[in-house]
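**Q** Here is a sequence with its predicted model. Questions after.
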Amino acid sequence: MDQKIIFRCDASLLKTLISASFLLLLVTSGRSELRPCHMEDYHFEYTECDSQGGRWRVLVPKAPNLCTQSNLKIMPSRGKDCNFACNPGEYLDIQGDQECHPCAAGSYSLGGGIRFSDWSELPQGFAVKTEKMKQSAWGMHTKLAFSGNCSRSEWTPRGSYIMSMPGQCPSNLIFSAKLVKAGKVSFEYQYTDPDSIFHFMVQNDQCQASSGENDKWPDITEKGKWASVVINLKSGMNVLQWRTIGALATMMQRIASPVLIRKIEITGVAYTSECTKCPNGTFSQGGTSFCQTCPPNTFSHLGANECKKCKDSEYSEGGASKCVPRPPCTEYDFYQFQKPCDDFKKTQLSHRWIEPKICSEAVAGSVKLPKDGPLQDCPPCSPGMHRVNVSHCGFCEPNQYADLFGDCLDCPVSTSPDYKIDYQHWINMPPNISSHCVAIGEESCTTAAGWLPAGDHVRTSFGLSDRNTFLVLMLKVAGMKGEPGFVDGKPISLGKIEFDMELNCPSPCQFIFLNDRDGANTVIQSWEGSVPRKTISHQIFTNDSMVYTWAFQPDNFGLDPDFENSTHKMKNFAKIYSIHVSNTLSGGASSCVTCPKGKSSDGCIPCPDGEYIDPLTQACKPCPAGTVLPSGNQWGKKACKPCGEGLHPVGGRSCKSDCKFTDESGHTYDFTPLNSVRFVTGSRLFTGSGTQYFHGFNISLCNHGNQPLPTCINNVTGDSLRQSSKEAEIITKAELLNQVGSLSSAICRSTLVPQGDPDLPVVSTQPVSLGTHLTKIVTNTSLQDLYEKEGFESSDTERDIHFYYDSTSSTSACPDGRTSIISLKCDPSEKEKGKIELPPRCSDGTCDGCLFHFLWRTVHACPHCRKEDYKIVKGECVSGKQAIHYFPPGDCLHLPESKLTPISQTCRTLPFAVMVAIPVSLGFGLILILLLIYCWSRNKKLEYRYSKLVETAGGQDGEMEMPAAETCGMEDGEEDVHFSSKSHSSGSFMKRLFGKLSSGRHIREDEDNPFVAVKMSEKMSLT
């Protein structure tokens, strides 16, 4: 008897059932000659989920046109709810009891998801999209935009992982997944380079970003270490996107490290009705959610429950599906090393097979392991070291030094060892230095991989199977003697590290020199290709402990065209012949130095700030005025460094600005209102797909007082972006500028990437110092050419006040480091803090990537007027009063009106000059008249005297004797000499004087006549 089954369904389910029935009728009517269908010709399937979250199990033919409809009457039944899923390692038996059962051996199940772990090729459903940049990082004015191919940056499958090399082109790995219920996505990754950006985001089917928790900026990982990220997904369509954005070509200081992803899992995709067989090279014992990888020298096939061993004549790498014959041994299968010194102080070269050994010496054409080389004398210990035993050298005890014979001696009283590190001989690895191999991805290092001592040098070594590895040499330095300081805006060197290197790279390779400054590895310098033997020097400015690292990457991550021919890389090597570090806190000492201030347990007590050691007296003496020197034991007056223009010494230690400036004309400026951190953004830039980013600049003008230096942060971490509050938005001045970050500098720049959700904080990365400290402040300097090049108004640039900043860190693009100039321009309309402008033609602050320029318009750049700068204008004299007015100049700030109130003074109608000229003219005229009278009177006197001379000189016969003298007239200054027999009283003199005044032409008496007649008794000649 048939049992009635009553069920409820909605419209969509009815449509599905009607369609299935109609299909069966068509098949039955069109193929009546087919055999009747049996139960084995059908299988069960679930319908789409209904509005109540449930679904139905219905019977569906396995294939069309297989059989005709029979009398089978199996009605639809209610299936498992849509949110049901089995546990990992189980599957849902939809054909049977609709219960979960464990997977059989050789298979695995996620219980309701998918996994991607085989990257031999790009899995189905994935897509790779690489973008080209639309414009240069320096703005539209420059021509630095990258125009080459982007294949280097693409996501590329590499067997056990997929890799992207961040570079000039952003690359996207995209996968779309339709989830029947809420699930998760997880992936394992390696991301070691903080100078590149790695971003994961989830979008819906309309390319709209999901909520902030689904937007992830993964944390930085250590080299060779894997990290994982788990993100919740909503039901429906989810578009997953992994994006790498490297520094632009003009910003690249070195080659970036790759980003790797090795496993991606997505749950909530669908129920699992059957387990997945283990792929080749893996196995499982059943009931598991993953398959294990076969170890080296074993193999397995699809669905294997164990791995089989290879024959003795064959080998395989881990995860292999088959074994291959062992190749003959070649020169690349062993490596050379230096044996330690023996009891007779002898050493020799020796050789070892690289482990794991894959070659076979029994194969024809195989090379044999070379014999040991001849015995050689062991070299001496490096300077400052002594022989600890027959094979190793070490440092002397504290307060001792090693002489030329390698004996440790105590330093004399009031002296201290002059510590340094000076490695010149390499029989063994010296103290504080170590060798490592770091593998990227799933690879592992062989026993040969690393740095090996080789007598007079240390060199790299690796095997054919070493791929995607870094060969690392690390030196630990305890610290430097002395205190750090700054002079002329630049840090004072406390010591330096020098190394003698050689790089041979017939095929592409990398060699990087870096340190762990600020708690993160910082690249100091990098090289690509062959470099002849040369000495590299790097100044040390901090007294903190430091680790210096030399990293060699021999195969360029397999990105060169001949990557498959791995023998090419075997000719690549790096050598270091010597390493020297001066002025260290510990190490080896070859001599002792005098301690002027005495000695402590840590060595010499240093001279105070601003003092140097006099070589003659060996005492601490103060530096000359205007110079500084941080506390230490610096010898000679030349160790004192002068401050730059506009700066002054502070405590004898450093040169700074007090935010006040006086120019050559005596005008003063007060920039104290500008002494705060300012934030300026460059123009908005976009990638080819529309990804927006821009650069932010944090600026401190003079950093006076307790004002902290600006901080540019790198917040590309998972934890820092979990906040969803608008108050946490790092674009705001209060938080972006003062938040603890990765780099502090007077001027710094970071790359900012807005997220899809406006409520989320802007991502800040790639912090760069554009000026560590202020070096000088100058004016009356024309920068007209620079202004014109950048598009600024170029008139009166010499009136601007220029603040110069330097960054000591050099790059390949800027070997002398970066320089920044802040030009303050007088603008009375810009009150308070003014306005900072970037160059119009170079809207990202620079036209060449090395010189950055900012124009700051502010009223504080205008000089303060002095009273003598004002033009004085006197008003009209009215009623004896005259007003005095002050007219200000146009290039300075006016004085308060109270100090310039118009005043009045007494005056005359006639101008003062006229009043003075009248009496002067009258006096001068009177003098001329008197002089004329005097000359006329003198002339008359001479005429009269001459006539008298003629009268008195006549003879009896009418002859006249001429006088013998040139003249008988009185010369000027002679006195009258009178010869007279008469005497005259004083009264007669007054009478004569009165006669002269009363009579104009009175004939004077003989005694007044200068020409006196001579009474001769006889005739005599006048001559």
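**A** Yep, that arrived.
**Q** Next, residue 367: secondary structure please.
**A** Classification of residue 367 by DSSP: H, G, I helix; E, B strand; the rest coil places it in coil.
**Q** So it versus residue 324, what's the distance?
**A** 20 Å (C-beta to C-beta, to the nearest Å). For glycine as for every other residue, the C-beta is placed from the backbone atoms N, C-alpha and C.
**Q** ok, now residue 413?
**A** Relative to residue 324, residue 413 is positioned 72 Å away (C-beta to C-beta).
**Q** What residues does residue 778 make contact with?
**A** Applying C-beta atoms under 8 Å, 6 or more residues apart in numbering to residue 778 gives the contacts 645-646, 801-802, 804.
**Q** how about a cut-off of 7 Å?
**A** Residue 778 sits next to 645-646, 802 when contact means C-beta atoms under 7 Å, 6 or more residues apart in numbering.
**Q** got it, and residue 536?
**A** 498-499, 501, 513, 525.
**Q** got the buried residues for the helix or strand encompassing it?
**A** Secondary structure assigned from DSSP states H and E places residue 536 in strand 531-540. By 16 or more other C-beta atoms under 10 Å, the buried positions in strand 531-540 come out as 538, 540.
**Q** Partner strands of that strand and their direction?
**A** If you go by DSSP bridges, strand 531-540 pairs up with strand 495-504 (antiparallel).
**Q** re earlier: closest one of the contacts of residue 778 to residue 829?
**A** Relative to residue 829, the closest of the contacts of residue 778 is residue 802; by C-beta to C-beta it sits at 21.2 Å.
**Q** List the beta-bridge partners for that closest one.
**A** Residues in a beta bridge with residue 802, per DSSP bridges, are residue 778, residue 823.
**Q** avg pLDDT for the longest helix belonging to the chain?
**A** Counting residues, the longest helix found in the chain (DSSP state H) is helix 912-952. Helix 912-952 comes out with an average pLDDT of 84.
**Q** How far does it sit from its chain's centre?
**A** Taking C-alpha atoms, centre = their mean, to the nearest Å, one finds helix 912-952 lying 92 Å from the centre of the chain it belongs to.
**Q** Excluding chain neighbours, what is closest to residue 829?
**A** Closest residue in space to residue 829, ignoring its immediate chain neighbours: residue 859 at 7.6 Å, by C-beta to C-beta, 6 or more residues apart in numbering.
**Q** Now do the contacts for that neighbour.
**A** For residue 859, the contact set (C-beta under 7 Å, 6+ apart) comprises 827-828, 830-831.
**Q** Endpoints of stretch 430-447, how far apart?
**A** 20 Å (C-alpha to C-alpha, to the nearest Å).
**Q** Just the residues contacting that stretch, thanks.
**A** If you take C-beta under 7 Å, 6+ apart as the criterion, stretch 430-447 is touched by 158, 160-161, 190, 223-224, 258, 260, 262, 354-355, 382, 393-395, 423, 429, 449-451, 462-463, 465-476.
**Q** what residue ranges in the stretch 1-150 of the chain score low on pLDDT?
**A** Applying pLDDT under 70 to the stretch 1-150 of the chain picks out residues 1-32, 70-72, 132-149.
**Q** how about the helices of it, start to end?
**A** 11-30 (DSSP state H, counting those that start in this stretch).
**Q** what's residue 257 in contact with, if anything?
**A** Residue 257 neighbours (C-beta under 7 Å, 6+ apart): 192-193.
**Q** Could you report the neighbour count for residue 290?
**A** Residues near residue 290, counting by other C-beta atoms under 10 Å, number 17.
**Q** go on, residue 268?
**A** Using other C-beta under 10 Å: residue 268 sits among 22 other residues.
**Q** Any figure for the gap between it and residue 118?
**A** Distance from residue 268 to residue 118, by C-beta to C-beta: 22 Å.
**Q** What of residue 704?
**A** Per C-beta to C-beta, residue 704 is found 61 Å from residue 118.
**Q** on that earlier part again, out of the contacts of stretch 430-447, which are buried?
**A** 158, 160-161, 190, 223-224, 258, 260, 262, 354, 382, 393-395, 423, 429, 449-451, 462-463, 465-475.
**Q** Out of those, which sit inside helices?
**A** Among these, no member falls in helices (DSSP H).
**Q** So residue 246 is in contact with residue 166, correct?
**A** Yes. In this structure residue 246 lies within contact range of residue 166 using C-beta atoms under 7 Å: 2.9 Å.
**Q** in the next helix or strand after the strand holding residue 536, what's buried?
**A** Heading C-terminal from strand 531-540, the first helix or strand you meet, by DSSP H and E, is strand 546-553. Buried residues in strand 546-553, counted by 16+ other C-beta under 10 Å: 546, 548-553.
**Q** Can you add distance to residue 928 and pLDDT and give these back as JSON lines?
**A** Shown next, in JSON lines, are the buried residues of strand 546-553 (distance: C-beta to C-beta, whole Å; pLDDT from 0 to 100):
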{"residue": "546", "distance to residue 928": "95", "pLDDT": "89"}
{"residue": "548", "distance to residue 928": "97", "pLDDT": "93"}
{"residue": "549", "distance to residue 928": "101", "pLDDT": "93"}
{"residue": "550", "distance to residue 928": "101", "pLDDT": "94"}
{"residue": "551", "distance to residue 928": "103", "pLDDT": "92"}
{"residue": "552", "distance to residue 928": "105", "pLDDT": "93"}
{"residue": "553", "distance to residue 928": "105", "pLDDT": "89"}
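**Q** Could you check how many residues crowd around the residue lying closest to residue 645 once chain neighbours are set aside?
**A** With sequence-adjacent residues excluded and distances taken as C-beta to C-beta, 6+ apart, residue 645 is closest to residue 776, at 4.4 Å. Counted by other C-beta under 10 Å, the residues lying close to residue 776 total 18.
**Q** Any figure for the gap between residue 776 and residue 647?
**A** From residue 776 over to residue 647 (counting by C-beta to C-beta), the distance is 7 Å.
**Q** same thing with residue 848?
**A** 27 Å.
**Q** again with residue 502
**A** Distance, residue 502 to residue 647, using C-beta to C-beta: 43 Å.
**Q** same thing with residue 469?
**A** 49 Å.
**Q** Residues touching stretch 744-755, excluding its own?
**A** Residues outside stretch 744-755 that contact it (C-beta under 7 Å, 6+ apart) are 197, 215, 692-700, 703, 709-713, 762-774, 805, 820.
**Q** For the stretch 501-650 of the chain, which segments are assigned as strands?
**A** 510-515, 522-528, 531-540, 546-553, 573-581, 588-594, 599-600, 603-604, 611-613, 620-622, 627-628, 641-642, 648-650 (DSSP state E, counting those that start in this stretch).
**Q** now swap in the stretch 701-850 of the chain and tell me
**A** Secondary structure of the stretch 701-850 of the chain (DSSP E, counting those that start in this stretch): strands at 711-712, 743-744, 747-753, 763-771, 773-778, 801-806, 819-826, 835-837.
**Q** any chance of the ones you listed in CSV, plus distance to residue 792 and mean pLDDT?
**A** Below are those laid out as CSV (distance: least, C-beta to C-beta, whole Å; pLDDT from 0 to 100):
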stretch, distance to residue 792, mean pLDDT
strand 711-712, 25, 83
strand 743-744, 28, 77
strand 747-753, 18, 86
strand 763-771, 18, 82
strand 773-778, 17, 88
strand 801-806, 13, 91
strand 819-826, 8, 92
strand 835-837, 8, 91
